[in-house]
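Participant: Next come a sequence and a model predicted from it.
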Amino acid sequence: MTNGSASHAPENAQPSHFAGSSDLEPIPRDGAEERAERSIQQYRDIFEIASDGLVVNDLVSGIVLEANPAFCRMHGYEDMAGLHPSTFIHPNSQPIFVEYVEAIRSGREYRARAQDIRRDGTVFDVEVLGRLMTYNGQPAMLGVVRDISEQVRAYHEMEERVAERTAEIQRRREVAEGLQELLAAVNSRQSLQEILDYLAMQSRRLLGSDASALFMPVEERGVELLSIRASDRLTPEHTTVRMPFGVSSTGLAYTRRKAVVVSNLRAVLPLEYDADDTLQLNEQPNRIDIVRLPSLLETPERDPGATEVGGMRSFAERFGAFLSVPLALEDVSYGTLSLYYFGPREFNDDDIALASTFARQAALAIENAQLREQAGKAAAVEERQRLARELHDAVTQTLFSASLISEVIPDLWERNPDEARRRLQQLRRLTRGALAEMRLLLVELRPTALTDMPIADLLRQLMDATSGSIRAEMSLDVEGHYRTTLTPEAQIAFYRIAQEALNNVAKHSQARGVHLALNCLDDRIQMTIQDDGIGFDLATIPAGHLGVGIMGERAEDVCAALEVWSAPGEGTKITVTWPKLEEPAC
């Protein structure tokens with residue numbers, strides 16, 4: 001008890017009386033003594049049988065003058081008369097007793113909570129009400145004391161439950177926020193390994209473990225095992241193990257697609273190696289509790305003869321409990337998430353539910369990362385096929401045409417020298433275009449070539465490469481400083497759009513002149529491809545025809561605007577505009 005309160009007694013209130021009080025009104029002698037004795041006995045009976053502790057202290061010294069049985073039992077004594085309050089009042093509550101005495105001496109009532117000490121030294125909580133009384137004709141202090149230990153204990157337990165519930169709510173809020181961050185990771189373009197490293201770190205932080213690991217299936221020498229692909233706070237020696245599917249706790253979570261719990265790792269380890277022992281477990285609807293681990297589990301390559309006894313005992317020197325949950329979506333299992341704790345601990349349904357929720361989101365992130373990798377591989381294959389087609393369709397046909405022209409030039413030179421000279425010019429243009437196209441294909445085979453080379457040089461090589469297939473005058477104008485403002489993604493988009501547009505010119509336009517311009521203005525970069533060919537009616541071309549849809553998608557990907565203008569007999573003009581900002585907003 002750390003506080004108290006005092007209140008003045010009413011002016012007309014009379015102090016209490018015990019045996020020997022001299023303040024009684026004079027009464028006639030006949031029956032007076034008998035009535036007084038009866039009154040005193042009534043007070044005595046109440047004093048003795050009261051369930052609350054009653055104690056009378058000397059007003060000057062504080063010494064206990066008398067204490068009822070309830071007060072003595074409360075403190076573990078048979079009789080407490082003559083004891084000083086410092087004997088049974090806790091040192092931390094001594095200042096409260098000083099306030100108690102001062103208040104009563106001034107005629108006020110005093111109420112407080114404090115801590116007392118039993119004879120055996122145990123501490124308990126009390127509530128005290130004190131007031132002035134007359135005892136044997138002298139002023140004294142009467143205290144009514146009640147043991148409130150259970151009440152205080154219940155209050156503290158309630159506070160602990162509130163604190164635990166508050167912590168749980170905070171934990172769930174952090175997990176919810178973490179899942180939102182995880183959704184962002186799901187939609188990001190990070191690699192699979194980057195996603196796995198992020199999941200290992202986030203799972204440990206959000207789920208309150210001391211370490212974590214993500215296991216994924218591998219095949220070694222024809223045996224399917226689980227291998228750690230990412231971890232957080234595990235030592236290197238613990239990240240090299242391989243866990244078999246059927247007989248390990250981690251493998252069990254993967255094959256059964258259910259949470260596996262080891263609440264006390266040291267308790268479930270076998271005392272010694274036994275090749276015949278098996279995994280013992282207690283399976284429930286939403287979890288599997290490991291009762292006993294078998295001796296032989298892990299198969300590290302560094303020591304083919306290593307056993308689970310040695311490996312898990314080394315692991316148990318650092319960790320006392322772990323929880324493994326499957327990384328699964330519908331019918332697909334990607335691995336397991338294992339959470340490790342330094343000491344033994346019990347896992348309740350909320351712990352398992354939170355870990356399982358995180359694991360499902362993690363599985364979604366892994367699935368998306370794998371799909372992106374597959375899409376990237378498919379795109380690479382498609383790009384190689386495209387280059388092969390272009391090599392066949394463009395370069396091969398150009399060289400074949402050049403070969404035919406070179407064969408007829410000797411005979412033609414004797415019959416028509418002027419026509420032969422024109423054919424030589426055509427042959428020169430074809431071979432130069434084939435050489436430029438081969439050079440451009442080699443550039444595209446290098447992953448960073450399209451972004452390392454200035455866009456003006458790329459466009460110039462592109463025009464040279466298409467000059468063999470476009471029988472028209474071609475020109476390129478570049479104005480302004482574009483190098484420091486055009487992002488790599490935007491540069492690739494500009495190049496691909498120009499490539500698609502020039503291919504359309506070669507196949508469909510029958511143009512006599514083609515002009516390409518790149519202008520860097522104050523607030524934007526603009527590229528224009530214009531020809532004077534036959535044009536077309538935009539309203540009549542089928543969806544996806546002439547590559548207009550593809551060009552639009554490329555522009556949209558980099559937050560650029562694409563405009564296509566054409567009319568029959570009036571040529572075609574394609575304009576791409578990219579806002580010159582550090583981070584263009586789509």
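Facilitator: That came in fine, so what should we check first?

Participant: Tell me where the model's unsure across the stretch 351-500 of the chain.
Facilitator: Applying pLDDT under 70 to the stretch 351-500 of the chain flags the ranges 376, 378-402, 428, 430, 432-449, 468-469, 481-485.

Participant: tell me the strands in it, going along the chain?
Facilitator: Along the stretch 351-500 of the chain, the segments classed as strands by DSSP state E, counting those that start in this stretch run 473-479.

Participant: What count of nearby residues applies to Leu279?
Facilitator: With neighbours defined by other CB atoms under 10 Å, the count for Leu279 comes to 18. Heads up, the C-betas are built off the backbone N, CA and C, glycines and all.

Participant: Now do the same contact list for it.
Facilitator: The contact partners of Leu279, by CB atoms under 8 Å, 6 or more residues apart in numbering, come to Val247, Ser248, Ser249, Leu252, Ile290, Arg292, Leu293, Pro294.

Participant: what do you get for Arg460?
Facilitator: Leu476.

Participant: Check the gap between it and His90 for me.
Facilitator: According to CB to CB, to the nearest Å, Arg460 stands 93 Å off from His90.

Participant: Pro568 should be in a helix, yeah?
Facilitator: No. Secondary structure assignment places Pro568 outside any helix; it is coil (DSSP: H, G, I helix; E, B strand; the rest coil).

Participant: how far away is it from His515?
Facilitator: Between Pro568 and His515 the distance is 20 Å, computed by CB to CB.

Participant: okay but Gln202 is in contact with Glu181, surely?
Facilitator: Yes. Checked against CB atoms under 8 Å, the pair Gln202 and Glu181 is within contact range at 7.1 Å.

Participant: Of Pro568 and His515, which one has the most company?
Facilitator: When neighbours are counted by other CB under 10 Å, Pro568 and His515 differ, and His515 comes out ahead with 16 against 10.

Participant: still on that earlier bit, between the contacts of Leu279, which is closest to Glu419?
Facilitator: Using CB to CB, Ser248 is the member of the contacts of Leu279 that sits closest to Glu419, with 83.1 Å.

Participant: What ranges does the stretch 151-300 of the chain have for its helices?
Facilitator: If DSSP state H, counting those that start in this stretch is used as the criterion, the helices of the stretch 151-300 of the chain fall at 192-207, 249-256, 265-268.

Participant: Which one, of these, ends up nearest to Gln526?
Facilitator: Gln526 lies closest to helix 192-207 among these, at 35.9 Å (CB to CB).

Participant: Ile104 against Met133, yeah?
Facilitator: No. Using CB under 8 Å, Ile104 and Met133 do not qualify as a contacting pair, with a distance of 9.1 Å.

Participant: Mind listing the shared neighbours of those two?
Facilitator: Shared contacts of Ile104 and Met133 (CB under 8 Å, 6+ apart): Met141.

Participant: any idea how far Val145 lies from His156?
Facilitator: 21 Å.

Participant: and these two? which has more neighbours close in?
Facilitator: Neighbours around Val145 and His156, counted as other CB under 10 Å, are more numerous at Val145. The numbers are 22 against 11.

Participant: Gly552 - that's part of a strand, no?
Facilitator: No. The assignment for Gly552 (three-state DSSP) gives helix, which keeps it out of a strand.

Participant: pLDDT wise, what is the residue lying closest to it once chain neighbours are set aside at?
Facilitator: Excluding its sequence neighbours, the residue lying closest to Gly552 (CB to CB, 6 or more residues apart in numbering) is Leu562, at 5.1 Å. In this model, Leu562 is scored at 93, pLDDT.

Participant: Show me what the one helix or strand Leu562 maps to packs onto, helices and strands only.
Facilitator: Remark: Leu562 resides in strand 561-566, with elements defined by DSSP states H and E. Secondary structure elements in contact with strand 561-566, counted by 3 or more CB pairs under 8 Å, 6 or more residues apart in numbering; DSSP states H and E, are helix 548-557, strand 572-579.

Participant: could I get these as a markdown table with distance to Gln193 and mean neighbour count?
Facilitator: Compiled in a markdown table, these are given as follows (distance: least, CB to CB, whole Å; neighbours: other CB atoms under 10 Å):
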| stretch | distance to Gln193 | mean neighbour count |
| --- | --- | --- |
| helix 548-557 | 25 | 16 |
| strand 572-579 | 32 | 21 |
